[in-house]
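Sequence first, predicted coordinates after that:
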Amino acid sequence: MDSATLQPVAPGASLAEVVLRTEGLSKRFGTLTAVDDLNLEVRRGDIYGLLGLNGAGKTTTIRMVVRLIAPTAGRVVAFGEDVRENSLAVLNRIGAMVEIPQFYPYLTGRKNLELLYGLSGGADRARVDECLALVGLETRGDDKVRGYSQGMRQRLGLAQALLTRPELIILDEPTNGLDPQGILDIRHLIQRLNRDNGVTFLISSHLLHEIELTCNRVAIVHHGKLRVQDDVKKLLERAKALARVRAEPAEEAKKVFALRRVEVVGVQDGAFKLKCGPEALPDIAAALHAAGCEIWELTPGRATLEDYFMAETGRGGTA
């Protein structure tokens, strides 16, 4: 790559090579603004998470990045090139799995990949075998896709995204529909491809804990606007740990929190999430007991990406 073609990095930004950038990216559907002046920056070597509530504009953003839909305003710059002006050359360096991967169910996994690789101009069957091995499907490549589990289909989608030896892979909800073991397998696969093959990832996911474990950088999008973009480690350092308190009656507990000026950030699984340190919990417990509340849970907080997300959006659990 000719690094001279890259645009200057903004003041204060890392000097790491920027492989994908959106500039003022916007998308309107009639009167609805799905994405509003979005400026993202993915650097080489990142596993970059795109977080937001349902309807925040994550999938719309990804669809614009890979040219499935056109932006209303702004542009996407990949490897220093405007994707709109040089889409073929740029997109050949990008692999993508957008939403649920679709394959011919009556063909084998290998035949599906060979067909797709041929459409992209590839003819190397050894590469198909290599990609099947990378995603752990080397022993199932000759099975018909109709017999694949959801996790195997997701793996095949990743193999498809890898076919052209992309420098950047974009994944929209890669763990969608997977059981816990499948989610763990996909996480390890992404991290291994990033570590051993130097692949940069942009991942949209609704699983906040999984993004925290997988990604090194994240962006939080809310109502189509960028709220924050930073290293996961730095966000966790800024996040205030949220204690969990489950007490009944809930209305009486709320009164206790209000009297003690303890901020309730949200409610999750029936437990209040409070902005307070562990040193405040004994006094809160005593006040709840004095108010006649039964305490079912009292857990000091550990700062998580979910805590930061809740503070930014007022919601938690899933994005």
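Here it is on my side, so go on. Residues are numbered from 1 along each chain as shown.

any chance you could map the helices in the stretch 51-200 of the chain?
58-65, 87-91, 109-119, 125-134, 150-162, 180-197 (DSSP state H, counting those that start in this stretch).

Next, format those helices as a markdown table and append mean neighbour count.
For the C-beta atoms, the positions are set from N, CA and C on the backbone; glycine is no exception. Formatted as a markdown table, these follow (neighbours: other CB atoms under 10 Å):
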| stretch | mean neighbour count |
| --- | --- |
| helix 58-65 | 23 |
| helix 87-91 | 15 |
| helix 109-119 | 18 |
| helix 125-134 | 17 |
| helix 150-162 | 22 |
| helix 180-197 | 16 |
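
Just tell me which of these ends up closest to Lys240.
Among the helices of the stretch 51-200 of the chain, helix 58-65 comes nearest to Lys240, with 25.2 Å by CB to CB.

contact partners of stretch 95-103?
59, 62-63, 66, 68, 109, 112, 145, 153-154, 156-158, 160-164, 166, 168-174, 176-177 (CB atoms under 8 Å, 6 or more residues apart in numbering).

For that stretch, give the mean pLDDT please.
Mean per-residue pLDDT for stretch 95-103: 88.

Quick check: buried residues in that stretch?
Buried positions in stretch 95-103, judged by neighbour count with 16 or more other CB atoms under 10 Å: 95-98, 101, 103.

hang on, the earlier thing: indicate which one of the helices of the stretch 51-200 of the chain is closest to Asp230.
Per CB to CB, nearest to Asp230 of those: helix 58-65, 17.4 Å.

other SSEs contacting the closest one?
strand 18-29, strand 32-38, strand 47-51, strand 73-78, strand 168-172, strand 200-204 (3 or more CB pairs under 8 Å, 6 or more residues apart in numbering; DSSP states H and E).

change it to 7 Å
Secondary-structure packing of helix 58-65 (3 or more CB pairs under 7 Å, 6 or more residues apart in numbering; DSSP states H and E): strand 18-29, strand 32-38, strand 168-172, strand 200-204.

Could you identify which of those is most buried?
Most buried of those, by mean neighbour count (mean count of other CB atoms under 10 Å): strand 200-204, with a mean of 25.

For the helices of the stretch 51-200 of the chain, give me TSV that also has mean pLDDT and distance to Arg43.
Putting the helices of the stretch 51-200 of the chain into TSV (pLDDT from 0 to 100; distance: least, CB to CB, whole Å) gives the following:
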stretch	mean pLDDT	distance to Arg43
helix 58-65	95	15
helix 87-91	84	17
helix 109-119	88	29
helix 125-134	91	23
helix 150-162	90	19
helix 180-197	89	12
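
Distance to Phe309 for the ones you listed - can I get that in TSV?
Formatted as TSV, these follow (distance: least, CB to CB, whole Å):
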stretch	distance to Phe309
helix 58-65	13
helix 87-91	31
helix 109-119	35
helix 125-134	31
helix 150-162	24
helix 180-197	18
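
Ile203: which of the buried residues of stretch 95-103 is nearest?
Met97 (9.9 Å).

List the contacts of Asp46.
Each residue near Asp46 by CB atoms under 7 Å, 6 or more residues apart in numbering is listed here: 200-201, 216-217.

Please apply the same query to Ala73.
24, 26.

how does it look with 8 Å?
So Ala73 contacts 24-26, 37 (CB under 8 Å, 6+ apart).
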